[in-house]
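J.: Below is the structure, and that's it, no one-letter string:
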């Protein structure tokens, strides 16, 4: 095969390979996202969409106290979910990676299983548990710990946080576990050899080297919680509404697509900035 | 084992880990338990256990219709995502072209963005294009959104392939096309299967994007969602339990495949002379 | 052979061993990796654990460091029980095979690590770190990250990191095996002079017998989890106790034979030997055999005629393979003498045929 043949082949190969996904992604991802972006600058008049370019939607976003309130509530919920998931997921990952001995593989599989179980199934489970007629209340009354149903369990931000923590703890576990596994064991031995107690070794060696995984997991949990609209619908009630629900109603009953698009763009911007931030932090904390 | 070992075992940590496991599994255990409860989804303890709800489930036509719909969409999504994902992974691994960085980020975007945004964007597109909402639009949504999953998995698989093998193939006279079919693809077999299983599961479970693209025919999650609105019966527990059982089966299969593909990397140093 | 003769080098006080390994055994699953090892290490000595992979040398090191526990037996250091202590409480430091430098800390912080975690006075730390870095000639790299250093540089930092803590015993787990040949030789001599200078006891693990002979005050040869022989390099070379030792360290000719009525017979070679009848095995080093052109033989020598089969030129010497007749082949090392062909007379002293156990 001559050099020019090879060059031609390689160019043909590259075109055949990259063209379809590029075209598809441009048409079915780039274009839709662009549409969303563009809609945010339009308006609705008399129940119909008008291509009247303006920034009113964004102004509404900043001035309407309802949206700010819900947005902050959403961010608080997302932060709580992230924190709780980390508090549950990190020690679990640490235990599995360093202390679980021969049962490590089995335990790992056990942690992964819930990830594959439908989100809806898990959310539904919480719904049945937390309700005033639900299993938890029944359990508490059965043990005579309470005498009437505890109402704040369901249809509250608490329920949303509980459900989302349950869902995202395995998600947070995965990258943390991966980065812990990547820590060469001789480093841990070297630390002990130099006189550091196991606790000291954890804070000085293991934790710093696991930060990339920790950041990845935390970002995942935060961003997914931020844009979640199903959990509020299942267990959030009116006090647990999140920003994505507002978008949902704007696209549904209220029929104000432009405003909904504007809020979506807002969520998108938060997402992108957070990703950018964590990417920088991860680079700083990854030592190759 | 060893006597007087300077404890590397920490009982406190083990206990805590157990608590976390309990937290993860108890709700599911409760779910499964109450699928057998004659008296409904609540109260404690469940006193009359029965298979009645499962009987009802198996006679429930609309549910099984929705299962069929989900299967069709999932199969289509797997085919579409794997094909485009494979090409995208190849392009990202081996080709250089203008806008590659943008392409990479764009492909991965649905993974990170809330599903509602992807779903609504696609809805706008569909409306603009004048399509009616139907299983086809759902299929389009799943297939597109899940390209990111396929690409990630297959890209990782490509990175593990020893380039020397492909070079040897070319050296022995095979064309790039032949090399692709005879060397590259077989090496990706395990990655393809693992990715396929993952995409299948994600598609079967998908709600966020589906929510906005669904027409008259329901997928399974949508059907369940609709029922939730109307009232909760343990029949939903029953179908959830079945979903759980199938998921466990799939994950076991996926895990076996995954660990086979990792091969010697996962072997531990058994002895240190 | 757990009862191998253990000799102390003359320069070290034989009355106060720093480390005592008493009947230590280690089992992994169904494998006995170490079988009943007893060994004393004197203060200030450079002792090498030598052996093939699978001999148990690294396991023994890890037992002393504290990363494994003995299945039976005890380890004592300076009159106190060592194996009961967790690794971070032992006054033992390790230089790991792949250095195990902390990637998230720079060189200075790596070296200071041990001092910091043990709570050394803050104002002392910089001086001690600088002293350690100077000792290994890495003073200019204090702010660098490990990932930027070459293998040899990382190795020095690992050494400094261990030594700055002034341990009673330094363990080195094949620290030079990842270096290329020239760097290795250089590091060997630096390591040796460093140890002489600071006087800390070194326990060094390697599979390279040349390295062991160059560095050690004593060598402990391990074979399949048991001590084959423990002696100084000169002694272990000149008087190997077993055939295994003779073959492992340096090159040798192993001559199986028989003693009958005070005559030792090995193939075509015979010489008087006043010992009881029975089968016998001798180790004869190739360099102990000389050319004997003048045909004369002393009473304490053995003479034989052999034809040169092969000759390998090695710069300062020649390595010949000669046939003594009836297929009995011997290796002979001669000072460089030009190509030899045909038959020649060779001679060796009877005393150089060392009797070895099988």
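T.: Yep, that arrived. Computed from a prediction, not measured in an experiment: that's the story for all the values here. Numbering: from 1, shown residues only, chains lettered A, B, ... in the order given.

J.: Residue of the stretch 151-288 of chain A closest to chain B, please.
T.: residue A:227 (2.0 Å; Cβ to the nearest Cβ). C-beta: built from backbone N, CA, C; applies to glycine.

J.: what residues are up against that residue?
T.: By Cβ atoms under 8 Å, 6 or more residues apart in numbering or on different chains, the contact set of residue A:227 is A:243, A:244, A:267, A:271, B:113, B:114, B:115, B:116, B:117.

J.: Which strand or helix spans the second one?
T.: Read that as residue A:244. Using DSSP states H and E, residue A:244 sits in helix A:243-251.

J.: picking up where we left off before, what about the residue nearest to the residue of the stretch 151-288 of chain A closest to chain B when sequence neighbours are not counted, distance to chain C?
T.: Of all residues not flanking residue A:227 in the chain, residue B:114 sits nearest, at 2.0 Å (Cβ to Cβ, 6 or more residues apart in numbering or on different chains). Noted for residue B:114: a distance of 34 Å to chain C, by Cβ to the nearest Cβ, to the nearest Å.

J.: Let me see the contact set for residue B:114.
T.: Counting by Cβ under 8 Å, 6+ apart, residue B:114 has contacts A:223, A:224, A:226, A:227, A:228, A:229, A:244, A:267, A:271, B:208.

J.: Give me the neighbour count for the fifth one.
T.: Other residues within reach of residue A:228 by the criterion other Cβ atoms under 10 Å in any protein chain shown amount to 30.

J.: Could I get the phi/psi values of it?
T.: phi -80, psi 130 (degrees, to the nearest 10).

J.: And the helix holding residue A:244, what's buried?
T.: A:243, A:244, A:245, A:246, A:247, A:248, A:250, A:251 (16 or more other Cβ atoms under 10 Å in any protein chain shown).

J.: For it, which helices and strands make contact with it?
T.: helix A:65-94, helix A:257-285, helix B:115-129 (3 or more Cβ pairs under 8 Å, 6 or more residues apart in numbering or on different chains; DSSP states H and E).

J.: Quick one: mean pLDDT over the second one.
T.: Here helix A:257-285 scores 90 as its mean pLDDT.

J.: Spell out whether it and chain B are in contact.
T.: Yes: using Cβ under 8 Å from any Cβ of the partner chain, helix A:257-285 reaches chain B at A:257, A:260, A:261, A:264, A:267, A:268, A:271, A:275.

J.: Can you give me the end-to-end span of stretch A:19-34?
T.: End-to-end span of stretch A:19-34 (Cα to Cα, to the nearest Å): 20 Å.

J.: Residues contacting stretch B:25-35, please?
T.: A:114, A:117, A:121-122, A:124-126, A:128-129, A:135, A:166, B:41-42, B:46, B:53-54, B:234, B:237-238, B:240-241, B:244.

J.: Can you flag which of those residues belong to helices?
T.: Among the contacts of stretch B:25-35, DSSP state H puts A:114, A:121-122, A:124-126, A:128-129, A:135, A:166, B:53-54, B:234, B:237-238, B:240-241, B:244 in helices.

J.: Now the element after the longest helix anywhere in chain B, going C-ward?
T.: Longest helix in chain B, counting residues (DSSP H): helix B:61-94. Per DSSP H and E, the first helix or strand lying C-terminal to helix B:61-94 is helix B:100-112.

J.: Now that following helix: buried residues?
T.: B:103, B:106, B:107, B:108, B:109, B:110, B:111, B:112.

J.: next one: stretch A:16-35
T.: A:17-18, A:21-22, A:24-25, A:28-33, A:35.

J.: wait, does it contact chain B?
T.: Yes: counting by Cβ under 8 Å from any Cβ, chain B is contacted by stretch A:16-35 at A:17-18, A:20-22, A:24-25, A:28-33, A:35.

J.: and the gap between residue C:279 and chain B?
T.: For residue C:279, the distance to chain B - Cβ to the nearest Cβ - is 32 Å.

J.: before we move on, the earlier item: closest to chain C out of the contacts of residue A:227?
T.: Looking across the contacts of residue A:227 and measuring by Cβ to the nearest Cβ, the closest to chain C is residue A:271, at 28.7 Å.

J.: My understanding was that that closest one contacts residue A:226; is that so?
T.: Yes: contact criterion Cβ atoms under 8 Å: residue A:271 and residue A:226 qualify, at 7.3 Å.

J.: pLDDT below threshold where in the chain?
T.: All of this refers to chain A. For chain A, the stretches flagged by pLDDT under 70 are A:1-9, A:288.

J.: hmm, I had chain C in mind actually
T.: C:1-15, C:295.

J.: what residues does it put near chain A?
T.: When proximity is defined as Cβ under 8 Å from any Cβ, chain C approaches chain A at C:65-67, C:86-89, C:92-94, C:96-98, C:100-104, C:113-114, C:117-118, C:145, C:147, C:161-162, C:165.

J.: again, only this time at 6 Å
T.: C:67, C:87-88, C:93-94, C:96, C:100, C:103-104, C:113-114, C:117-118 (Cβ under 6 Å from any Cβ of the partner chain).

J.: want to throw those into JSON lines with neighbour count, secondary structure and distance to residue A:234?
T.: Below are the residues of chain C next to chain A laid out as JSON lines (neighbours: other Cβ atoms under 10 Å in any protein chain shown; DSSP: H, G, I helix; E, B strand; the rest coil; distance: Cβ to Cβ, whole Å):
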{"residue": "C:67", "neighbour count": "21", "secondary structure": "coil", "distance to residue A:234": "50"}
{"residue": "C:87", "neighbour count": "25", "secondary structure": "helix", "distance to residue A:234": "51"}
{"residue": "C:88", "neighbour count": "20", "secondary structure": "helix", "distance to residue A:234": "49"}
{"residue": "C:93", "neighbour count": "27", "secondary structure": "strand", "distance to residue A:234": "57"}
{"residue": "C:94", "neighbour count": "31", "secondary structure": "strand", "distance to residue A:234": "55"}
{"residue": "C:96", "neighbour count": "23", "secondary structure": "coil", "distance to residue A:234": "52"}
{"residue": "C:100", "neighbour count": "24", "secondary structure": "coil", "distance to residue A:234": "49"}
{"residue": "C:103", "neighbour count": "18", "secondary structure": "coil", "distance to residue A:234": "44"}
{"residue": "C:104", "neighbour count": "17", "secondary structure": "coil", "distance to residue A:234": "42"}
{"residue": "C:113", "neighbour count": "25", "secondary structure": "helix", "distance to residue A:234": "50"}
{"residue": "C:114", "neighbour count": "25", "secondary structure": "helix", "distance to residue A:234": "54"}
{"residue": "C:117", "neighbour count": "19", "secondary structure": "helix", "distance to residue A:234": "49"}
{"residue": "C:118", "neighbour count": "15", "secondary structure": "coil", "distance to residue A:234": "54"}
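
J.: So is stretch B:131-141 next to chain A?
T.: No: judged by Cβ under 6 Å from any Cβ, stretch B:131-141 makes no contact with chain A; its nearest approach is 6.9 Å.

J.: List the buried residues for that stretch?
T.: Neighbour-count burial for stretch B:131-141 [16+ other Cβ under 10 Å]: B:133, B:135, B:136, B:137, B:138, B:139, B:140, B:141.

J.: and of those, the nearest to chain A?
T.: For the buried residues of stretch B:131-141, the nearest to chain A is residue B:140 (6.9 Å; Cβ to the nearest Cβ).

J.: so which strand or helix has that closest one?
T.: helix B:135-145.

J.: how far out from the middle of the chain is that helix?
T.: 15 Å (Cα atoms, centre = their mean, to the nearest Å).

J.: what does stretch A:83-93 give?
T.: On Cα atoms, centre = their mean, the centre of stretch A:83-93 falls 14 Å from that of its chain.

J.: Identify all contacting residues around that stretch.
T.: A:165, A:168, A:169, A:172, A:173, A:176, A:177, A:180, A:221, B:16, B:17, B:20 (Cβ atoms under 6 Å, 6 or more residues apart in numbering or on different chains).

J.: Nice, that's everything, thank you.
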